[in-house]
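1. Sequence first, then the predicted structure:
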Amino acid sequence: MKSPLSYHEKYNILTAEEHKLLLRTIPVIRKFIRKSRRISSVHYATRDAHSKSYGYLKGTFLPAATHEAEKFFPNASYEVLVRYSHAHLKIIKTDRQLPVYGLALKIKWNQQEINYPLVNFPVFVTNSVTRFLKLFIGINRFYTAPFILKPYKLLNVGLRVIPIMAELMNVSFIKAFKDFMKTFPDFILSREYHSIGAYRWGDHMIKLKMVPVQTGFKPDKSRSVFENIQEYVSEQPVYYNLYAQFAYDEKFQPVNDLKKQWTATPDVHLGTIELNEVLQDSPDLEKCSFSPFESPEVFQPVGKIQSLRKAAYEASVQTRNQLNAD
């Protein structure tokens with residue numbers, strides 16, 4: 001079998017125009033977070049994406065007996081923390097929303113932390129850094145604008161969406177969307193979660209996915225998602241298998257084409273995650289950062305879209321912590 005592709009900084013390089021637009025994004029993020037208490041009607045400054053938490057679960061990562069896992073995880077177990085969330089920028093009180101969820105995974109590793117933000121959809125909507133940033137800026141400005149300006153801001157968002165909609169007409173996205181619709185009614189614990197972009201695995205590059213062992217759980221619709229999670233964990237742990245796909249060939253595993261799922265590369269079992277304790281929400285937990293850019297260098301994100309997230313995470317965490325410390 002071919003050797004995996006080696007990581008190189010070239011995958012992360014932005015153009016001058018993209019970097020200039022990124023610098024415009026930072027104050028927009030800070031403004032959204034400063035106004036997030038009012039936007040979401042809560043008493044603390046929220047994240048600027050995946051603001052709503054469905055619960056924090058504590059547990060253990062049990063590495064598999066594979067060469068790829070043992071290379072970095074020689075111990076029998078590692079402590080983990082998981083945060084379930086909704087992708088919306090604004091905290092919506094009801095749980096009756098589109099099932100676009102996030103699972104942020106934190107692994108305690110050698111007195112450091114490895115962070116992987118995952119989502120329940122395996123591809124991204126665009127490869128264009130410029131289009132993504134303009135849409136992101138537009139959405140943030142819609143939420144922070146005075147009421148009288150919101151129709152204009154919404155029109156601007158609509159105009160930004162049009163070229164991205166054209167990008168969605170590809171085989172990978174259509175297949176992923178069909179699979180998503182099949183699992184539409186599934187409970188948050190019974191879904192697969194994916195890394196949209198690539199990550200370093202030492203000198204190589206991978207994509208990750210968490211596959212649930214538990215399926216078929218029927219939640220009580222009269223109760224909240226958090227209450228259903230509590231009920232489930234009170235009776236048995238939540239289990240996931242953690243898999244990695246390694247990049248071998250840019251033709252089949254394109255690092256910077258996030259609209260395509262990787263093919264022609266096997267799922268390598270890295271281990272099992274067991275979640276057996278639901279933590280009560282607290283200000284300290286909400287301050288917790290799951291930024292993948294705080295991970296050790298050998299586990300850092302890779303790619304242009306990922307590079308954008310670094311500046312966004314830093315601005316978000318810094319502003320949120322500053323406001324919540326007041």
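-> Here it is on my side, so go on. Numbering: from 1, shown residues only.
2. show me where the stretch 1-150 of the chain has strands.
-> Listed in chain order, the strands found in the stretch 1-150 of the chain under DSSP state E, counting those that start in this stretch are 52-63, 78-86, 101-109, 112-119.
3. would JSON lines of these with mean pLDDT and mean neighbour count be doable?
-> Using the backbone N, CA and C atoms, a C-beta is placed for each residue, glycine as well. What follows is those, written out as JSON lines (pLDDT from 0 to 100; neighbours: other CB atoms under 10 Å):
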{"stretch": "strand 52-63", "mean pLDDT": "96", "mean neighbour count": "21"}
{"stretch": "strand 78-86", "mean pLDDT": "97", "mean neighbour count": "21"}
{"stretch": "strand 101-109", "mean pLDDT": "97", "mean neighbour count": "21"}
{"stretch": "strand 112-119", "mean pLDDT": "98", "mean neighbour count": "20"}
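4. So for residue 13, which of these sits nearest?
-> If you check each of those against residue 13 by CB to CB, strand 112-119 wins as the nearest, at 22.2 Å.
5. Show me what that closest one packs onto, helices and strands only.
-> Of the remaining helices and strands, those touching strand 112-119 by 3 or more CB pairs under 8 Å, 6 or more residues apart in numbering; DSSP states H and E are strand 101-109, strand 193-194, strand 204-212.
6. at 10 Å what do you get?
-> strand 78-86, strand 101-109, strand 193-194, strand 204-212, strand 301-302, helix 304-325 (3 or more CB pairs under 10 Å, 6 or more residues apart in numbering; DSSP states H and E).
7. can you list those in a markdown table and add distance to residue 127?
-> Supplementary listing: these in a markdown table, determined by distance: least, CB to CB, whole Å:
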| stretch | distance to residue 127 |
| --- | --- |
| strand 78-86 | 24 |
| strand 101-109 | 21 |
| strand 193-194 | 17 |
| strand 204-212 | 15 |
| strand 301-302 | 14 |
| helix 304-325 | 8 |
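8. Relative to residue 263, which of these is closest?
-> Using CB to CB as the criterion, the shortest distance between residue 263 and the helices and strands packed on strand 112-119 is 11.3 Å, found for strand 204-212.
9. quick one: which of the helices and strands packed on strand 112-119 is nearest residue 20?
-> Checking the helices and strands packed on strand 112-119 against residue 20 by CB to CB gives helix 304-325 as the closest, at 12.3 Å.
10. Any buried residues in that closest one, and which?
-> Counting neighbours by 16 or more other CB atoms under 10 Å, one finds that the buried residues in helix 304-325 are 304-317, 319-320, 323-324.
11. on that earlier part again, closest one to residue 268 among the helices and strands packed on strand 112-119?
-> Between residue 268 and these, the shortest separation by CB to CB is 8.2 Å, and it involves strand 204-212.
12. What pLDDT does the model give the residue lying closest to residue 15 once chain neighbours are set aside?
-> Nearest residue to residue 15 in three dimensions, chain neighbours excluded: residue 129, at 7.8 Å (CB to CB, 6 or more residues apart in numbering). Residue 129 carries a pLDDT score of 90 in this model.
13. Residue 326 now?
-> You'll see residue 326 listed with a pLDDT of 66.
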